[in-house]
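K.L.:
Next comes the sequence, and after it the predicted model I'd like to discuss.
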Amino acid sequence: MNVFNIVIAGVGGQGVLLASRVLAESALACGMDVKQNEVHGMAQRGGSVISFVRIGERVYSPVVMPGSADILISFEPLEALRYSHYLKPGGKLVFNKVTINPSTVASGMATYPADVEEQIARACADAHGIDALAIAKEAGNAKAVNMVMVGSVMKHLPIDAQVVEGVVREVSRDRGADVNLKALKGGAAA
Amino acid sequence: MKKIISGNEAIALSFGDSGGVFASGYPGTPSTETLEEVARLGEVYCEWAPNEKVALESVIGASIAGGRSLSTMKHVGVNVAADALMTLTYTGVNGGLILMVADDPGQHSSQNEQDSRNYAKFAKVPMLDPADSQEAYDFVRVGFEISEQFDTPLMLRTTTRISHAKGVVVQGEKRAPKVGEWVKDVPKYVMLPNYGRIKHQLVEERLLKLQSFAETTPLNRVEMADTDLGILTSGISYQHVKEAYPNASVLKLGLVHPLPERKIREFAASVKRFMIVEEMDGIFEEQIRAMGIRVDIGKDRISYCGEVSEDIVRAAAGDAVTVCGAPVDGLPQRPPTFCPGCGHRGLFTILSKLKVFVSGDIGCYTLGGLPPISAMHSSICMGASISAAHGMAKVNRIAGRTEKPVAVIGDSTFFHSGMTGLLSLAYNGGNALVIIMDNRATAMTGGQENPGSGLVLEGEPAKQVDITAIVKSLGIDHVAAINSYNLEETEAAILKGLETPGPYVLIDSNPCILRYRVKKPLLSVDTEKCTGCRACLKVTCVALGLVPAGDRMKVQIDPNICNGCGVCSQVCKFDAMSVA
């Protein structure tokens, strides 16, 4: 099996790292080699976050090169657009349609592109937007957006859905496992 | 059992499994999680030191007392600890001693991108450079053995993509902690010149022995394959090389100082094109060229700046890289910024308004230098805010300028190396306003404990230091408290500090809202009162946004993001914001 490249993008504080961890641990539980990597530190302060999960028989580098992602999962539309060039030709994009203003927009120095979804459609032929916030709220916690996003891509990954559920149950701490599993299923149905 | 863990977690795990007994460090991205993980595992004693020099010195003591010990820090931390390191290399060790240093190529979260391999060469100590989490685990174990066998401190060097990347690790056997004798040995540990001269000769002899070791150790391995291209590499670059050229021959160095000259010579002779792939400085290449070995591809094609990647390796070897679409142009940037509710926002709003020269420091408040606030005019290294402001004021006096500089420093940075600067300011009759933002956390690295937080690394209660008492005892007569959430009062206090000649210290003691989870009643905007003047936007809070309202754009506060700090409402001249 070739290496399957997943890129997860979002905004600091959205739970990109936990989502990455769930995917990485699930791949390991399925008996695959995994490398997962994100850059944190400054990103925590509302900055743009990008994380890589690479799974396969033997994975060397933890870094996904632009033009080689099988799937891009973005927790925010502008970040989907920002990292859309990571997708390989024919790659798939699933994004949360709920926008979050970057500080440059909040401070009036820049404008959030009003046509962000049209731009995404132009950048990727196979793009699918969902309202992850609404699904997370319905599951019982607005912060479960990350689990909704994981759920939304499960059918596209070479990972067993039941294994993912098991890992989510394990990593759920503050938030109840029930809420996270509901969010996961809500995402899968979206 | 297989686990998927980061390089930092692997180092912490292995430290416990390798009989380690004492660890000390100072937080710094990307090294921080190592010590936090040692604490979380709860098997080995560990602590945050006020700075890296204190951390390494404490670890030296632990080694002299016979314990296997570990010091952790980021690359620039070694600059602070270098005084200890450069003589520690002479004394050698008793219990094994590892100095873990995490480099940050690409400057993801650092003020420079120095290459710590230079320190191994400079200090003449062995250095290991793991290429993934498994090696990070294994190299701690073998690192202690090398340290004890050769009577030397050992540097374990990671980079951001090793420290933070997660990979599969198989845990080894657990070794029980073993503490050796605590022996008095004056010629070994007292570096008076007459003992130091003897020790220097031993350091040179040790380096020769390590060179022989480097030739035979499995830490340096040859993966012979296609001989058309042979690549010498180490650390994370090895992974990029394997992705780019899975069929090339590779000489992978685990021990990156000293180099195995014979092994390199043989490898280079056995391949058609000899390439060196190293991130940042050309340290291998310089030494290998000095050995008289032909290098076909090296630093002439790989930048000294930033990270190496699979594509960079391919391009350097003259091959095409994956064709992909270019990034979308013209998108609004999303840089890190003050958290909604952060106490720094009010302070920097006032500093920006007063247009003073702000001598900054290293911490979350450094973000005050970003537009549109742009109220920081220098930020060099830990603690430099106060000492640099002192130098500015002295020159201003010579030049006949009356403007008084303002230094801004956080609590952890003040303890780290700001206190000595303040002592100098008082002692040398300086003239600066110093603002200490005491949020009781080492916030930028994730809110670690420090001497002001009242807790130690492992969460136990600790002696909580009194910053006001320190400031007074350093010789500062004017000390006052401020509350930066109150803009009017803060402005008045700063103006008083600027008008009063001599050193003047203001201390804000509002806690870090992220670390202490502070949440106040939310605010909302009265669209009738909002004129759309946008004055509030300059405070740069991501809770604020413009929405169409009638014929113009007006401000709206996102209740999911607002933390209720009230800074925007104080900037508003039309009283449009109030508690929802």
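P.N.:
Thanks, I have it. Residues are numbered from 1 along each chain as shown, chains lettered A, B, ... in the order given.
K.L.:
mind listing what's buried in stretch A:89-97?
P.N.:
Of the residues in stretch A:89-97, those with enough neighbours to count as buried (16 or more other Cβ atoms under 10 Å in any protein chain shown) are A:91-97. Heads up, the C-betas are built off the backbone N, CA and C, glycines and all.
K.L.:
tell me the two of those residues that are most distant?
P.N.:
Set against one another by Cβ to Cβ, the buried residues of stretch A:89-97 have their most distant pair in A:Gly91 and A:Lys97, with a gap of 19.2 Å.
K.L.:
Now for the residue of chain B found nearest chain A: which residues touch it?
P.N.:
With Cβ to the nearest Cβ as the measure, the residue in chain B that lies nearest chain A is B:Cys324; the distance is 2.2 Å. Taking Cβ atoms under 8 Å, 6 or more residues apart in numbering or on different chains, we find B:Cys324 in contact with A:65-68, A:85-86, A:88.
K.L.:
how about 7 Å then?
P.N.:
Counting by Cβ atoms under 7 Å, 6 or more residues apart in numbering or on different chains, B:Cys324 makes contact with A:66-67, A:85.
K.L.:
Over to A:Gly129?
P.N.:
The neighbours of A:Gly129, taking Cβ under 7 Å, 6+ apart as the test, are A:95, A:97, A:117.
K.L.:
Name all residues that make contact with whichever residue of chain A sits closest to chain B.
P.N.:
Closest contact between chain A and chain B, by Cβ to the nearest Cβ, is at A:Gly67 (2.2 Å). Under the criterion of Cβ under 7 Å, 6+ apart, the contact partners of A:Gly67 comprise A:85, A:88, B:322-324.
K.L.:
what distance separates the lowest-mean-pLDDT helix or strand in chain B from the middle of the whole chain?
P.N.:
Least confident helix or strand, chain B: strand B:544-549 with a mean of 92, by mean pLDDT, DSSP states H and E. Computed by Cα atoms, centre = their mean, to the nearest Å, the chain-centroid distance of strand B:544-549 equals 38 Å.
K.L.:
For the helix or strand that B:Ala214 is a member of, give the mean pLDDT please.
P.N.:
In this structure, B:Ala214 sits in helix B:193-216 according to DSSP states H and E. Mean pLDDT, taken over the full extent of helix B:193-216, equals 98.
K.L.:
Sort out which of the contacts of A:Gly129 are in helices and list them.
P.N.:
Judged by DSSP state H, helices contain the following of those: A:Glu117.
K.L.:
What is the nearest of the contacts of A:Gly129 to A:Leu133?
P.N.:
So of the contacts of A:Gly129, ranked by how close each gets to A:Leu133 (Cβ to Cβ), first place is A:Lys97, at 8.6 Å.
K.L.:
Could you double-check that the closest one lies in contact with A:Glu76?
P.N.:
No - under the contact definition of Cβ atoms under 7 Å, A:Lys97 does not touch A:Glu76, with a separation of 9.1 Å.
K.L.:
Show me the shaky parts of the chain.
P.N.:
Because you didn't say which chain, this covers chain A. Within chain A, the segments meeting pLDDT under 70 span A:1, A:40-44, A:174-175.
K.L.:
Actually, chain B is the one I wanted.
P.N.:
Segments of chain B classed as low confidence (criterion: pLDDT under 70) are B:323.
K.L.:
Show me where chain A has its helices.
P.N.:
In chain A, helices defined by DSSP H lie at A:16-29, A:77-82, A:103-106, A:116-123, A:132-139, A:145-153, A:161-171, A:177-189, listed in chain order.
K.L.:
Turn those into TSV, columns for mean neighbour count and distance to B:Val539.
P.N.:
Rendered in TSV, the data for these read as follows (neighbours: other Cβ atoms under 10 Å in any protein chain shown; distance: least, Cβ to Cβ, whole Å):
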stretch	mean neighbour count	distance to B:Val539
helix A:16-29	24	26
helix A:77-82	25	21
helix A:103-106	25	9
helix A:116-123	17	25
helix A:132-139	21	25
helix A:145-153	28	26
helix A:161-171	16	36
helix A:177-189	20	33
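K.L.:
okay, those helices in JSON lines with distance to B:Phe338 next?
P.N.:
As requested, the helices of chain A are exported to JSON lines (distance: least, Cβ to Cβ, whole Å):
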{"stretch": "helix A:16-29", "distance to B:Phe338": "20"}
{"stretch": "helix A:77-82", "distance to B:Phe338": "20"}
{"stretch": "helix A:103-106", "distance to B:Phe338": "8"}
{"stretch": "helix A:116-123", "distance to B:Phe338": "25"}
{"stretch": "helix A:132-139", "distance to B:Phe338": "24"}
{"stretch": "helix A:145-153", "distance to B:Phe338": "23"}
{"stretch": "helix A:161-171", "distance to B:Phe338": "29"}
{"stretch": "helix A:177-189", "distance to B:Phe338": "29"}
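K.L.:
Dump those helices into TSV; add distance to chain B as well.
P.N.:
Shown next, in TSV, are the helices of chain A (distance: least, Cβ to the nearest Cβ, whole Å):
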stretch	distance to chain B
helix A:16-29	5
helix A:77-82	5
helix A:103-106	4
helix A:116-123	6
helix A:132-139	9
helix A:145-153	11
helix A:161-171	11
helix A:177-189	16
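K.L.:
Sticking with B:Tyr516, tell me its helix or strand.
P.N.:
Remark: B:Tyr516 resides in no helix or strand, with elements defined by DSSP H and E.
K.L.:
what's the neighbour count on it?
P.N.:
By the measure other Cβ atoms under 10 Å in any protein chain shown, the count of residues near B:Tyr516 is 14.
K.L.:
Quick check on it: phi, psi?
P.N.:
Main-chain torsions, B:Tyr516, degrees, to the nearest 10: phi -100, psi 10.
K.L.:
quick one: contacts for it?
P.N.:
With contacts defined as Cβ under 7 Å, 6+ apart, B:Tyr516 is in contact with no residue.
K.L.:
any idea how far B:Ser509 is from it?
P.N.:
From B:Tyr516 across to B:Ser509, the span is 12 Å (Cβ to Cβ, to the nearest Å).
K.L.:
same question, B:Arg157
P.N.:
Remark: distance between B:Arg157 and B:Ser509 (Cβ to Cβ) = 38 Å.
K.L.:
Which one of these two is surrounded by more residues?
P.N.:
Taking other Cβ under 10 Å, B:Arg157 and B:Ser509 do not tie; B:Arg157 has more neighbours (26 against 18).
K.L.:
Give me every residue in the stretch 51-200 of chain B lying close to chain A.
P.N.:
Taking Cβ under 7 Å from any Cβ of the partner chain, the part of the stretch 51-200 of chain B that reaches chain A is made up of B:108-109, B:160-161, B:164-168.
K.L.:
and the least confident helix or strand of chain B, what does it pack onto?
P.N.:
strand B:552-557 (3 or more Cβ pairs under 7 Å, 6 or more residues apart in numbering or on different chains; DSSP states H and E).
K.L.:
Check which helices and strands the strand it packs on sits against.
P.N.:
Contacting strand B:552-557 under the criterion 3+ Cβ pairs under 7 Å, 6+ apart are the following elements: strand B:523-525, strand B:544-549.
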